[in-house]
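S.K.: Starting from these lines, generate the structure:
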Amino acid sequence: MNLDIRIDGRSVELAAGSALEMNLINPHFDYSKIPGSTANLPTFPISRRNQQIFGYWEQPQAGAILQRRRFEQYWGGHLIREATFVLTEAGPGGYVGQMVEALGEFFGDWQNLPLPELDLGSLSMATLANGELIDGGLIAAAFPVIRNPDFYGTNGASISYSGKVNDPSGQGPQTPMIMLTWLLKKIALATNTTIDGAFLNHPVYSRLLLYNTRALDGATQVTVSKHLPSMSLSELLLEIRKLFNLQFDFDGPARRLTIGFWQDAIKKPAVKDWSKKAVGQPLKTPETNTRLQLSYELDGNDGLMKDKPAVMADYMSAGSDPNFAGLKSRFSTLLTDDTTGRTKTAQIGITTQFGQLSNTFSPRLLFWNGIIVGEPDASPESGFYSLYWNGANGLHENHWQELEDMRQNQFYVKQSMNLTETDLAMLRWDEKVHINGMDYFVLSVAVSLPIQKPAECLLVAV
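M.R.: Alright, predicted model coming up:
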């Protein structure tokens, strides 16, 4: 059997004795970024086939334009890895490049641009019905009533402001709030990607709204980007992930992002038994941060958040261990009135009226509820789901309990494993493996093809 490396579907000619060293990384355990696997590739020799594949790029006349190529790695007919190939050097010695899982470039030029700078088009106010704007068969934006007497600062009384944002009468500020599911699908369409999965299809989370305080000021079109929080697309995804403990599965070649729930993977039993593949004795190290601290950044421009309300408190695991695994999301939510149950805030808005365009708002989420007792309504709680960390139906109970239970007893193991090329081809990061009485997630695999020695694996016990 031979190593087969394909660029854009065409097999590259390799020098005799070529090897491929891979460092495969599980992307589901790092909440600060989406890490990708890498590989050190052999140099591809100058040959007629390789020259055709790489467009004779070693020749000065070939110009400077380099395109990223689809990379496939096969062994004995098994597809081991799909990723992106980046050519870094070409000359008499051959073609030199890298295999990368360029997850940080998945959305191209849009990846790190602030959301308010993206060209997301506009929505016509002429289609407003029942507090909703429909686009492509989906709710694109909504206008929930928010009790906010401070929207105009001290100037509200001078214009007889009712204290309601998005008053159905049309009086006062109208601030559209963009539906998260629609926004992600709009971004996917614009970047030639696909975004799907259990999170987007969820009956409640598919109705999440991005809170906004910028008024239309009489505009008949909603310019979508003007009403989005000041954060990049990468930040949007990562910060939402921290709330709902999401699982991101990127398929680079297919340009597909599937968003699910990580606690579902934790609950599943192991599907593979690697006991007979273990070589020698494991090296075991403890988890030093067994407790969780889950929190979010509050909007300091909301007067109701100046003294942190009890309902917005962090979640902290019980116990006496002073060490925490801390996770803070930039997204938070709003309060509701104890008497009416309606959503409220005390925040000066963004409007041309009274020179309020310099104001800002932090990322916050609400559930869109439609018309409730004659008013368009959005709230931080909906059915069995809450955007608060604590309490029944809270974020911790719904999405973090399984990981917390896992961390209470988890430890790490460095283990040499006699893995085959088939094992590598069948490796899924969200599936556990069973080894000698214990179940583990695989955190990383360092291996070389052709396989001539055991792979070095880092495992985490569950």
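S.K.: so where's this structure uncertain?
M.R.: 1, 66, 102-104 (pLDDT under 70).
S.K.: okay, how far is it across stretch 259-270, tip to tip?
M.R.: 21 Å (Cα to Cα, to the nearest Å).
S.K.: Just to check, Phe354 is in contact with Tyr152?
M.R.: Yes - between Phe354 and Tyr152 there is a contact at 6.0 Å, judged by Cβ atoms under 8 Å. To be clear about C-beta, it is placed using only N, CA and C from the backbone, and glycine gets the same treatment.
S.K.: So the two - more neighbours on which side?
M.R.: Remark: of Phe354 and Tyr152, Tyr152 carries more neighbours, 22 against 15, as counted by other Cβ atoms under 10 Å.
S.K.: residue contacts, the more buried one?
M.R.: Tyr152 sits next to Ile159, Tyr161, Pro173, Ile348, Gly349, Thr351, Gln353, Phe354, Gln356 when contact means Cβ atoms under 8 Å, 6 or more residues apart in numbering.
S.K.: count of neighbours near the last one?
M.R.: This means Gln356. The number of residues near Gln356, taken as other Cβ under 10 Å, comes to 19.
S.K.: one step back: of the contacts of Tyr152, keep whichever come out buried.
M.R.: Tyr161, Pro173, Ile348, Gly349, Thr351, Gln356 (16 or more other Cβ atoms under 10 Å).
S.K.: Tell me which of those fall in helices.
M.R.: When the buried ones among the contacts of Tyr152 are checked against helices (DSSP state H), there are no matches.
S.K.: Save these as TSV, and put in distance to Leu443 too.
M.R.: Below are the buried ones among the contacts of Tyr152 laid out as TSV (distance: Cβ to Cβ, whole Å):
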residue	distance to Leu443
Tyr161	55
Pro173	49
Ile348	47
Gly349	46
Thr351	49
Gln356	49
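S.K.: Out of those, flag the one nearest to Pro27.
M.R.: Taking Cβ to Cβ as the measure, Pro27 lies nearest Gly349 of the buried ones among the contacts of Tyr152, at 38.7 Å.
S.K.: Gln174 is in contact with the closest one, correct?
M.R.: No - the criterion here is Cβ under 8 Å, and Gly349 misses it with Gln174 at 10.6 Å.
S.K.: that older thread, and the contacts of Tyr152, which two are furthest apart?
M.R.: Ile159 and Ile348 (14.5 Å).
S.K.: What is the end-to-end distance of stretch 44-55?
M.R.: Rule used - Cα to Cα; the end-to-end distance of stretch 44-55 is 14 Å.
S.K.: tell me the contacts of the closest residue to Pro173 other than its chain neighbours?
M.R.: Spatial nearest neighbour of Pro173, excluding adjacent residues (Cβ to Cβ, 6 or more residues apart in numbering): Ala215 at 4.1 Å. Neighbour list for Ala215: Pro173, Gln174, Thr175, Gly349, Ile350, Thr351, Thr352, Gln353 [criterion: Cβ under 8 Å, 6+ apart].
S.K.: now swap in Leu228 and tell me
M.R.: Leu115, Pro116, Leu118, Ile178, Leu183, Leu210, Asn212 are the contacts of Leu228 under Cβ under 8 Å, 6+ apart.
S.K.: Filter those residues down to the ones in helices?
M.R.: Per DSSP H, these map to helices at Leu183.
S.K.: Many thanks, I have nothing further to ask.
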